[in-house]
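Chemist: give me a model of this one.
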Amino acid sequence: MKRLQIVIGIAVSAVCLWLSMRDVDPRAVAMALSHANYLGFAAAVATTILGFWLRAVRWRSLIASPRRLTTESLFSATMIGFMANNILPLRLGEFVRPWALSRREGLSKSTLLATVVVERAVDMLTLLAILGLALFVHPISAATEAGRMTRAGAGVLVATCVGLTLFVVALERSPRLAAAAIGRLSAPLPERVRARVAGMLTHFVEGLGLFRDLPRLAWVFLLSFLMFAVVVVGLQASLWALGIDLPWYAGLVMLVITAIGIMVPAAPGYIGTMNVACIAGLALFAVGKDRAVPFSWFYWASQWLPVTLVGFICLQREGISLRTLGRAQENA
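Modeler: Down below sits the predicted model:
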């Protein structure tokens, strides 16, 4: 099953890369990148790191811990996890991140994994609000292929967001439902592992406690909007670096579309899907592939390089090897 998922991801990325580079001269892309203003690249890299630092700070508010977790621990685990997403298949980083923090702070892996699920629900709710603002200032027409793709992706985003939010709220609000779900999920397992799995699922449900604390929930959403605002600044800096002059709200539209793009299962590092998303987003502003393709590689590099580099540095400081990260998959 894992091999099939890996093959599908690689195939999706290969198709997306072919679509993005079709009818484009690679030498023209290289020329455009060579003439880019790399002050904009430095700004995009800086906003990428700042965005992940804010994500780490927000994560602390999602974790119910008897002691205050340090920003250093949270940032290190965050960068290791997203670095793993960049180089390992199956988005293993989603499991590596709670595993890395649990290893350092001695917290329950299952509870931390639940906070990652809640974080994804918060991300999508925040993006949904930003999508509403983007559509208000720049309605997306279905007359073009890019417009149809964007509207379809937005529909998937909305449906996933609503479904995931209802699921985690229902589990957290109804102990009886949570207990029944845990019993049903663990029932088919051998008796010797049933109790352990049931305990892990119980810890998982405990990690959904954010929805009981409205002030904390409001703070989490405030940090979420701030985090995505930083990402928008990075997108605008990348557009400026390549001389693409668009309205102020273009960054909002591009944020939502790139978020939709990286939701698609693909090879590590979102390669291909990120490129297609950037090209589709710029097509909404009548920017052709001759300029959109260089932008897609420029912006992809501003995300992939700093996250991977900082993640490796954090990995070394934690004394973890890449081989050791396989334990996260075993825990998953």
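
Chemist: where in the stretch 51-200 of the chain is pLDDT low?
Modeler: Where the stretch 51-200 of the chain drops to pLDDT under 70, the residues are 141-147, 149-151, 153-154, 157, 172, 192-193, 197, 199-200.

Chemist: all helices of it, in order?
Modeler: 71-87, 93-105, 109-137, 145-173, 175-186, 191-206 (DSSP state H, counting those that start in this stretch).

Chemist: can I get those helices in TSV including mean neighbour count and distance to residue 37?
Modeler: For every residue, glycine as well, the C-beta is placed using N, CA and C. Output for these, formatted as TSV (neighbours: other CB atoms under 10 Å; distance: least, CB to CB, whole Å):
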stretch	mean neighbour count	distance to residue 37
helix 71-87	22	25
helix 93-105	24	31
helix 109-137	19	26
helix 145-173	16	26
helix 175-186	13	53
helix 191-206	15	46
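
Chemist: so which of those helices is nearest residue 30?
Modeler: helix 71-87 (22.6 Å; CB to CB).

Chemist: between that closest one and helix 109-137, how big is the angle?
Modeler: Comparing the axes of helix 71-87 and helix 109-137 via axes from the mean of the first three to the mean of the last three CA atoms, to 10 degrees yields an angle of 70 degrees.

Chemist: what does helix 71-87 contact?
Modeler: With contact meaning CB atoms under 8 Å, 6 or more residues apart in numbering, helix 71-87 is reached by 52-53, 55-57, 59-60, 91-94, 96-98, 100-101, 104-105, 268-269, 304, 307-308, 310-315, 317-318, 320, 322, 325, 328.

Chemist: what is the helix or strand in which residue 32 is found packed up against?
Modeler: Using DSSP states H and E, residue 32 sits in helix 26-34. Judged by 3 or more CB pairs under 8 Å, 6 or more residues apart in numbering; DSSP states H and E, helix 26-34 is in contact with helix 289-318.

Chemist: next, the angle helix 71-87 makes with the helix it packs on.
Modeler: Interaxial angle, helix 289-318 versus helix 71-87 (the same axes, to 10 degrees): 130 degrees.

Chemist: pLDDT averaged over helix 289-318 - what is it?
Modeler: The average pLDDT for helix 289-318 rounds to 96.

Chemist: just the buried residues of that helix, please?
Modeler: 289, 291-300, 302-304, 306-308, 310-312, 314-315, 318 (16 or more other CB atoms under 10 Å).

Chemist: now swap in stretch 244-257 and tell me
Modeler: Result for stretch 244-257 [16+ other CB under 10 Å]: buried residues 244, 246, 250-257.

Chemist: got the CA coordinates for that stretch in PDB?
Modeler: What follows is stretch 244-257, C-alpha atoms only, in PDB (Å, rounded to 0.1, in the frame of the first residue of the first chain):
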ATOM      1  CA  ILE A 244       5.300  41.000 -11.900                       C
ATOM      2  CA  ASP A 245       3.100  44.000 -11.000                       C
ATOM      3  CA  LEU A 246      -0.300  42.900  -9.600                       C
ATOM      4  CA  PRO A 247      -2.900  44.400  -7.300                       C
ATOM      5  CA  TRP A 248      -2.400  44.300  -3.500                       C
ATOM      6  CA  TYR A 249      -4.900  41.400  -3.100                       C
ATOM      7  CA  ALA A 250      -3.000  39.200  -5.600                       C
ATOM      8  CA  GLY A 251      -1.000  37.700  -2.600                       C
ATOM      9  CA  LEU A 252      -4.300  36.700  -0.900                       C
ATOM     10  CA  VAL A 253      -5.500  34.900  -4.100                       C
ATOM     11  CA  MET A 254      -2.100  33.200  -4.600                       C
ATOM     12  CA  LEU A 255      -2.000  32.100  -0.900                       C
ATOM     13  CA  VAL A 256      -5.300  30.300  -1.200                       C
ATOM     14  CA  ILE A 257      -4.500  28.700  -4.600                       C
END
